[in-house]
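>>> below is the sequence, then the predicted model.
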Amino acid sequence: MEFRPFIKVESVSPKEFRQQKISILDHTAVIFTARTAIDHFFQLCEGLRITVPDTMKYFCLTESIALYLQKYIVYRKRKIFFGNTGKLDGLMPSILKHSGEKFLLPMSDVHNDEQTAILDANHINYTKAVMFRTVSNDFTEEEKFDYDMLVFFSPSGINSLLKNFPNFEQKDIKIGCFGPTTAKAVKEAGLRLDIEAPTKEAPSMTAAIDNYFKNISKDKK
């Protein structure tokens, strides 16, 4: 098995961020939904030559995301809050206690509106800031494409496959995917979906692949 990402995440440039006409220092708190968001937030601040004030408050979906802040700040000297469910609902009690803050929400160029809908429903004063984006991780001419199975976790991966190989023919190559939106992208691309997760029998991608090989073994017997 080889991990060869079809997509990669890159920061928007300081010039691109300025076009959004957002002032980071106009905000008093930041909501981080992933460690990726933390990396790109601080990298962008460095590129913009912005010093984040010690008074900035940080609200993170999980404790592990919050602890990742130690890479950039002195953790014990900052006001940091985190949820315990891994979802924004679990963080909302802390956000509501500090509803007077002006929040910044770093995000990708491709995102769903579930989190912003929750913030809107609770009348939170926040700004969406696109700080990173998902792009195709192109194959080089030297790279071999001799895989028996391709596994995707987002529609962006399917887009990258077709960008790299416009004349792609699936033939005997098996395709697996995680999530309904990725499954939809596979089918809309006219490809055959061989393995899908999550399901009742296979809640994870590894379980789905394991079940697939078990079924092949049964068929051979």
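Structure received.

>>> switch to C-alpha atoms for all contacts and neighbour counts from now on
OK.

>>> is it true that residue 58 lies in a strand?
Yes. Assessed with DSSP: H, G, I helix; E, B strand; the rest coil, residue 58 lies in a strand.

>>> residues in contact with it?
Neighbouring residues of residue 58 by Cα atoms under 8 Å, 6 or more residues apart in numbering: 29-32, 66, 79-81.

>>> let me know the closest of the residues you listed to residue 105.
Taking Cα to Cα as the measure, residue 105 lies nearest residue 31 of the contacts of residue 58, at 5.2 Å.

>>> just to check, residue 72 is in contact with residue 42?
Yes. Residue 72 is within contact range of residue 42, at 7.4 Å (criterion: Cα atoms under 8 Å).

>>> ok, residue 30 to residue 117 distance?
As for residue 30, its distance to residue 117 is 17 Å (criterion: Cα to Cα, to the nearest Å).

>>> looking at these two, which has the bigger crowd around it?
residue 30 (23 against 11; other Cα atoms under 10 Å).

>>> please identify which helix or strand holds that one.
Using DSSP states H and E, residue 30 maps to strand 29-32.

>>> what residues does that strand touch?
Applying Cα under 8 Å, 6+ apart, the contact partners of strand 29-32 are 38, 56-61, 65, 101-106.

>>> helix or strand right after it?
The helix or strand immediately downstream of strand 29-32 is helix 35-47, counting by DSSP H and E.

>>> check which residues of that next one are buried.
Judged by neighbour count using 16 or more other Cα atoms under 10 Å, the buried positions of helix 35-47 are 35-44.

>>> same check on stretch 104-118?
Buried residues in stretch 104-118, counting neighbours by 16+ other Cα under 10 Å, are found at 104-108, 116.

>>> name the nearest of the buried residues of helix 35-47 relative to residue 4.
residue 36 (18.8 Å).

>>> what distance separates the longest helix seen in the chain from the centre of its chain?
Assignment by DSSP state H gives helix 205-220 as the longest helix of the chain. Centroid displacement of helix 205-220 relative to its chain, using Cα atoms, centre = their mean, to the nearest Å, is 28 Å.

>>> run through the neighbouring helices and strands of that helix.
When contacts are defined as 3 or more Cα pairs under 8 Å, 6 or more residues apart in numbering; DSSP states H and E, helix 205-220 sits against strand 174-178, strand 195-197.

>>> those into TSV, with extra columns for mean neighbour count?
Shown next, in TSV, are the helices and strands packed on helix 205-220 (neighbours: other Cα atoms under 10 Å):
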stretch	mean neighbour count
strand 174-178	21
strand 195-197	22
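
>>> go through these and name the closest to residue 141.
Nearest to residue 141, of all these, is strand 174-178, at 22.7 Å by Cα to Cα.
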